[in-house]
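S.K.: Fold the following and give me the result.
(2 chains)
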2 protein chains.
Amino acid sequence: MKIVALAGGVGGAKLVHGFGKVLAAEDLAIIVNTGDDFEHFGLYICPDLDTVCYTLAGLANSDTGWGRADETWTTITKIVELGGPDWFRLGDLDFATHIERTRRMRAGQSLSQIVNSFCKTWNVTPTILPMSDDRIRTKVETQEYGWLDFQEYFVKYKCSPRVKGFNFQHIENSPPAPGVIESIAKADAVVICPSNPWVSIDPILAVSGIRSSLIGKLVIAVSPIVAGKAIKGPAAKMYAELGYKPSALTVAEHYSELIRGFVLDNSDESLRSAIEQLNLHVLTTNTLMTGVKNRIQLAEDVLNFIGSLI
Amino acid sequence: MKIVALAGGVGGAKLVHGFGKVLAAEDLAIIVNTGDDFEHFGLYICPDLDTVCYTLAGLANSDTGWGRADETWTTITKIVELGGPDWFRLGDLDFATHIERTRRMRAGQSLSQIVNSFCKTWNVTPTILPMSDDRIRTKVETQEYGWLDFQEYFVKYKCSPRVKGFNFQHIENSPPAPGVIESIAKADAVVICPSNPWVSIDPILAVSGIRSSLIGKLVIAVSPIVAGKAIKGPAAKMYAELGYKPSALTVAEHYSELIRGFVLDNSDESLRSAIEQLNLHVLTTNTLMTGVKNRIQLAEDVLNFIGSLI
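M.R.: Numbering: from 1, shown residues only, chains lettered A, B, ... in the order given. Got it, this is the predicted structure:
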C-alpha cells in the first residue's frame, strides 16, 4: 500500500516514524510543511523538515521535540556572549545542517535536492519532500503585535499573543516541489498527520495544485487534538482564539470536505457520532505516541483503517 | 607615544600583541587588512581581523596561527559528513564569531562597528580598525589556475600555485573605515608590521587616502623576511615567483618610498649597509617572536627605535 503523509513538526514526525517502521521505503512519501522556514544569522532554517528527518534518522531530541539528541551548545553560547540573539537556540550539530544547507542553496541547489542528499547521509529511506522549493512564509496576525513571522510567534513569543489570522506569503506563485503531485497521484491513500491544521497542514494544502490533486483520493486525517487539548503546540489555543471550540470534532470539520476517514483518540469516543454525521468514517484508537511502540501501533491502526476503506 | 600599526595576520598580530602590552590602550590603533575576507557557507569571514583580535584577547590558537585555543570541531565534522567542503576548517568557537558577524552585517551594522563591539566582549582595549568597511577582495593571479580568490590560493591550494600578480577588487571605490585616517593623523609614528607585503600590507596601502595620509609621517617597517625566508606564509615564495630575491633588503626596497626606518633580524646584519644606502635608518634586533616575552621585547625595541628617530 502506497502512502503519502502530510506532516508538520513533532506530531507528524512521530506518526511518519511509525509508518517508516511498517512500510517499505518505496511505499512512503512525506510532504512536509516549509511555511515555518526562516532565515536566522543568515542561515536557512527548516524546522519541520529537520524534525521529520532527524526523527526518521533516529537523531532527534525526543525530550525537546526539536533539534538533535546528544547536542552541545558551544557556538550559540559564544554568540550570545557577543550580544547575539538567544531566542532561537541552535546546537552545534544542528548548526551543521543549517550551515551546509545554506551553502548549497547559495550554490544553486534546490531545497528538495538538499533534503534528498542529507537523507542519504542520515540513512533516511522514505521519500521526504518539502511542499515547495520556493520560499513560502507563514505569517501570524496577532492582537498584540500585528503580523509576526511564524518563528517569532512560536519561539520568541512562545505562542502567547492572541491569534487573529494567518497568511502564507508567496504561496500563490510557489509550485509544489518536484515529486509532490506525482507521489500523491501514485498513492493509495493520503494521511493528514496529527499536526497543527492552521500552520502545518493548511500551508501544504494551499500550495497550488496540492489540494486539487487530493480530489477523488482516499484521504484520512489523524486528530492533533485529544480531549480538547493539543498534544504539543498551539493548535487548541488557535482554535479557541479564532472562535472555535478546540476538539477533535472541530478538526474533523476543518478537513471535512477533503477527507473520507478520521482518526481520534479513545478518550474522544464521545465525539464519534457527531463526526460520523459529517459523513466520515471514524476510527478511535490510542493516538498518544508516547514511545516508538505507540508510533508503530498508531501507524498500523491507521493503515488497517485505510485498508478497510479501500 | 601614539602608534598606528598596519597589520595582516599572524606576524602582525604578534607584534601588536607586544605593543598592547607596553602601550596604553588609547595610544595604539591597529589598521587591519580585510582583503583576505571572504564568504563561506554564506558566512562573512575576516581571517586577519580575527587573528589580531583573538591574539590580543588571549584567545588565539598559538599552535596553528589561526582560529581559537581550546577549540572543538563538532559542526564542521557534521558538515563534512553531509558532503560539505572541508578545505576551510572552522571550529565551534570560531563559528560563533562568523555567524554573529554575519547576522549583524545583514542587520546593517558596519564591519568596524562589529569589530568594536566584539572587542568590548573580548576585553581588547586598543582600537582595532578594518582598513575599510567595504568589501575589498584580494585576488591572486596564478600560473596554474588563473585568478584565484585569496583564500582559495592560501588555504585550498596551500600557496602552491605560482604567483603572477595581485588585484584588490573594489578597492578604488572603497573608502577607509571611520577612524583610519584620523588615527594616522594623530599618530607619532606608523609601524608596518612583519606581515606579507604583497597581500597583507599592500591592500591597506591601496585603500584610497591611506597611502597619502602617510606622507610626512614617521613610518617604519619590520621585515617579515628573515634570512631569506618568511617566518610564516608565502611572502618569500611570492617574491621569488615575481622575480625578486626574497630578503629583508627586498622588503626594504618594497617600502622605501614610504618609510624612514627599517627593522630587521640580527641574522640579517649583513644587509644593513645595503638598506642604509636606501636612505633608511636601520635597527637590527631579535625579530623572532617565539613567545610573548619576545613580542614585548620587539615592541619595546621598535618603540625605542622610533623614539630615536623623532
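S.K.: Tell me the residues on the stretch 1-150 of chain A that lie near chain B, please.
M.R.: Within reach of chain B by C-beta under 8 Å from any C-beta of the partner chain, the stretch 1-150 of chain A has these residues: A:40-43, A:72, A:74-79, A:81-85, A:92-93, A:95-97, A:99-100, A:102-103, A:106, A:117-118, A:121. (C-beta placed from N, C-alpha, C; glycine too.)
S.K.: which among the residues you listed end up buried?
M.R.: By neighbour count, with 16 or more other C-beta atoms under 10 Å in any protein chain shown, those hold A:40-43, A:74-76, A:78-79, A:82, A:84, A:92-93, A:95-97, A:99-100, A:102-103, A:117-118 as buried.
S.K.: hey, which helix or strand in chain A has the poorest pLDDT?
M.R.: strand A:229-230 (a mean of 90; mean pLDDT, DSSP states H and E).
S.K.: CA-only coordinates of the helix or strand just after it, as PDB, when you get a sec.
M.R.: Remark: after strand A:229-230, the chain's next helix or strand is helix A:235-241, criterion DSSP states H and E. Taking C-alpha atoms only, helix A:235-241 is exported to PDB below (Å, rounded to 0.1, in the frame of the first residue of the first chain):
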ATOM      1  CA  ALA A 235      -3.400  24.300  17.800                       C
ATOM      2  CA  ALA A 236      -6.000  24.200  20.600                       C
ATOM      3  CA  LYS A 237      -5.200  27.800  21.600                       C
ATOM      4  CA  MET A 238      -5.500  28.900  18.000                       C
ATOM      5  CA  TYR A 239      -8.900  27.300  17.600                       C
ATOM      6  CA  ALA A 240     -10.200  29.000  20.700                       C
ATOM      7  CA  GLU A 241      -8.800  32.400  19.700                       C
END
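S.K.: Tell me the strands beside the least confident helix or strand of chain A, with direction?
M.R.: Sheet partners assigned to strand A:229-230 using DSSP bridges are listed as strand A:225-226 (antiparallel).
S.K.: List the buried residues for stretch A:286-301?
M.R.: Of all the residues in stretch A:286-301, those buried under the rule 16+ other C-beta under 10 Å are A:287, A:289, A:295, A:296, A:297, A:298, A:299, A:301.
S.K.: Name the residues that touch it?
M.R.: Identification of contacts with stretch A:286-301 by C-beta atoms under 8 Å, 6 or more residues apart in numbering or on different chains yields A:11, A:14-15, A:17-19, A:21-23, A:194, A:222-223, A:226, A:231, A:263-266, A:283, A:285.
S.K.: Can you go through those residues and name the buried ones?
M.R.: Taking 16+ other C-beta under 10 Å as the criterion, what is buried in the contacts of stretch A:286-301 is A:11, A:14-15, A:17-19, A:22-23, A:194, A:222-223, A:226, A:231, A:263-265, A:283, A:285.
S.K.: Model confidence at the residue lying closest to residue A:170 once chain neighbours are set aside, what's the number?
M.R.: Excluding the flanking residues, the one nearest residue A:170 by C-beta to C-beta, 6 or more residues apart in numbering or on different chains is residue A:136, at 5.4 Å. On pLDDT, residue A:136 comes in at 96.
S.K.: Going along the chain, name the strands of the stretch 51-200 of chain A.
M.R.: A:127-130, A:137-142, A:146-149, A:163-169, A:189-192 (DSSP state E, counting those that start in this stretch).
S.K.: can I get those strands in TSV with mean neighbour count?
M.R.: What follows is the strands of the stretch 51-200 of chain A, written out as TSV (neighbours: other C-beta atoms under 10 Å in any protein chain shown):
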stretch	mean neighbour count
strand A:127-130	24
strand A:137-142	21
strand A:146-149	16
strand A:163-169	16
strand A:189-192	27
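S.K.: Tabulate those (CSV), appending distance to residue B:2.
M.R.: Listed next are those as CSV, based on distance: least, C-beta to C-beta, whole Å:
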stretch, distance to residue B:2
strand A:127-130, 57
strand A:137-142, 51
strand A:146-149, 48
strand A:163-169, 53
strand A:189-192, 70
